[in-house]
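[1] here is the input, now give the coordinates:
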Amino acid sequence: MIETGKITYKKTDLDWMPEVPEHWEIMRLGGLFEERNEIVSEKDYMPLSVTMQGIVPQLETAAKTMHVDNRKLVCIGDFAINSRSDRRGSGGLSSLNGSVSIVNTVLKPSKYYIPEYTHYLLTNKLFQDEYYAKGKGIVADMWSTKFSDLKTIYLPVPPKNEQDEIV
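    Below is the predicted model of the structure:
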């Protein structure tokens, strides 16, 4: 344990998060979030893009596929992250209902986090480095991280009042 001022920290043995306040929990992402994996059509759900600026209506410049019926549902409050390493840093909390490319991972809201903290935590560069390190592939634009690997990442779980202060 390390004491800094009034806060006592505990070591985590995690490279991306070496210590956290002693009273915080540490849990695997798979115990905090569920994957939303419902396949929908862009005919029924507005097409969205997962960008560095978050979830937005589909960009005109977005690569489009003829498979408009093979998209993932995204609901308001979900967090979507682009699983491909060549789109590193693309993700965010959705303020829109719609559909995204199947290359994205969509996480349902967690009872453990306030939405704004989820956005802050999962767009953090240290988390993103850990996320993409879990990926697999043969070249950069084909390198991706699946939920089965993502769910093994440990995350800090501060009390909700502290999450609010952090945000």
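
[2] helices of this protein, start to end?
    Assigned helices in the chain, in chain order: 29-32, 115-122, 125-133, 147-150, 160-166 (criterion: DSSP state H).

[3] out of these, which is the most enclosed?
    For the helices of the chain, average neighbour numbers computed from mean count of other Cβ atoms under 10 Å are highest in helix 115-122, which has a mean of 19. Every residue, glycine included, has its C-beta placed from N, CA and C.

[4] residue 43 is nearest to which of the helices of the chain?
    helix 147-150 (25.6 Å; Cβ to Cβ).

[5] contacts for the closest one, please.
    29-30, 35, 37, 105, 131, 134-136 (Cβ atoms under 8 Å, 6 or more residues apart in numbering).

[6] can you do 7 Å?
    29, 35, 105, 131, 134 (Cβ atoms under 7 Å, 6 or more residues apart in numbering).

[7] stretch 109-116 now?
    32-33, 77-78, 93, 118, 157, 160, 163-164, 167.

[8] go again using 10 Å as the cut-off
    Here stretch 109-116 makes contact (Cβ atoms under 10 Å, 6 or more residues apart in numbering) with 25, 27, 29, 31-34, 36, 75-79, 93-95, 117-122, 155, 157-158, 160-161, 163-164, 166-167.

[9] end-to-end on that stretch?
    Stretch 109-116 has an end-to-end distance of 11 Å (Cα to Cα, to the nearest Å).

[10] before we move on, what about stretch 132-148?
    13 Å.

[11] buried set for that stretch?
    Residues of stretch 132-148 classed as buried by neighbour count (16 or more other Cβ atoms under 10 Å): 132, 134-135, 143-145, 147.

[12] and that stretch, how far out from the chain middle?
    Between the centre of stretch 132-148 and the centre of its chain there are 15 Å (Cα atoms, centre = their mean, to the nearest Å).

[13] average pLDDT for it?
    In this model, stretch 132-148 has a mean pLDDT of 77.

[14] try stretch 34-42
    96.

[15] pairing partners for the longest strand along the chain, with directions?
    Of all the segments of type strand in the chain, defined by DSSP state E, the longest one is strand 7-14. If you go by DSSP bridges, strand 7-14 pairs up with strand 2-4 (antiparallel), strand 17-21 (antiparallel).

[16] now for the buried residues of stretch 132-148: which two are most distant?
    Across the buried residues of stretch 132-148 (Cβ to Cβ), the longest gap, 15.5 Å, separates 143 and 147.
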